[in-house]
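Novice: Okay, predicted coordinates and the sequence, questions at the end:
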Amino acid sequence: MLKIRLLHSDDSIPEITKLLHRAYSRLGGMGLNYTAVDQTPEVTSRRIADGHCLIAEWAGQLAGTVVATPTYATNQCEYFTRPGVASAHQFAVEPSLQGKGIGRALLAACEEWAAQRAFRELAIDTAEQASHLIALYARLGYRHVGYVQWSGKVYRSVVLSKLL
């Protein structure tokens with residue numbers, strides 16, 4: 001029922017953007033101005049272009065997405081520039097399908113992608129207030145390694161990383 005695959009050229013960026021909006025609406029409702037709360041399809045496309053975009057399908061329908069990126073040359077989050085550290089961004093699962101292992105499978109695919117390319121860690125960040133997400137990442141083996149204050153964001157993010 002679950003399939004994880006690479007983004008295809010015929011995948012709809014507007015549909016992926018709508019999925020991101022739905023998945024991040026709870027966080028937006030908490031007053032957290034994540035980019036994915038209201039980003040445009042152009043922003044979605046630009047963020048996808050930065051890395052390796054994976055799509056989750058559930059029963060043939062779009063169910064989730066994530067973008068894995070190699071080590072950044074420069075970034076506001078210093079941890080993302082450390083040699084051997086890949087990162088995951090724009091991570092979302094359709095709200096009605098959460099709890100079915102889709103997010104775990106997407107992160108596992110990112111970890112596999114990073115390990116195959118000799119990265120030693122996969123890092124991710126989320127708002128300090130998103131305790132449910134921090135707890136999920138901790139259950140999946142991610143450890144707290146720092147903080148970042150992204151420009152224009154009203155919250156500080158916790159940076160978590162998993163050794164591969």
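Specialist: Everything's here; your move. The shown structure was predicted, so the numbers you read here are calculated from the model rather than taken from an experiment.

Novice: those helices in this protein, which residues are they?
Specialist: For the chain, the helices defined by DSSP state H cover 13-29, 41-49, 102-116, 131-139.

Novice: if you compare those, which one is most tucked away?
Specialist: For those, the largest average neighbour count (mean count of other CB atoms under 10 Å) is found in helix 102-116, namely a mean of 19. Quick note: C-beta positions are derived from backbone N, CA and C, even for glycine.

Novice: what helices or strands is that helix leaning on?
Specialist: Packing partners of helix 102-116 (3 or more CB pairs under 8 Å, 6 or more residues apart in numbering; DSSP states H and E): strand 2-6, strand 52-58, strand 61-69, strand 85-93, strand 121-127.

Novice: re the thing from before, dump the helices of the chain to CSV, plus distance to residue 94 and mean pLDDT.
Specialist: Below are those laid out as CSV (distance: least, CB to CB, whole Å; pLDDT from 0 to 100):
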stretch, distance to residue 94, mean pLDDT
helix 13-29, 6, 98
helix 41-49, 15, 97
helix 102-116, 8, 98
helix 131-139, 16, 97
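
Novice: Of all those helices, which one is nearest residue 1?
Specialist: helix 102-116 (10.0 Å; CB to CB).

Novice: just the angle between that closest one and strand 2-6, please?
Specialist: For helix 102-116 against strand 2-6, the angle by axes from the mean of the first three to the mean of the last three CA atoms, to 10 degrees is 40 degrees.
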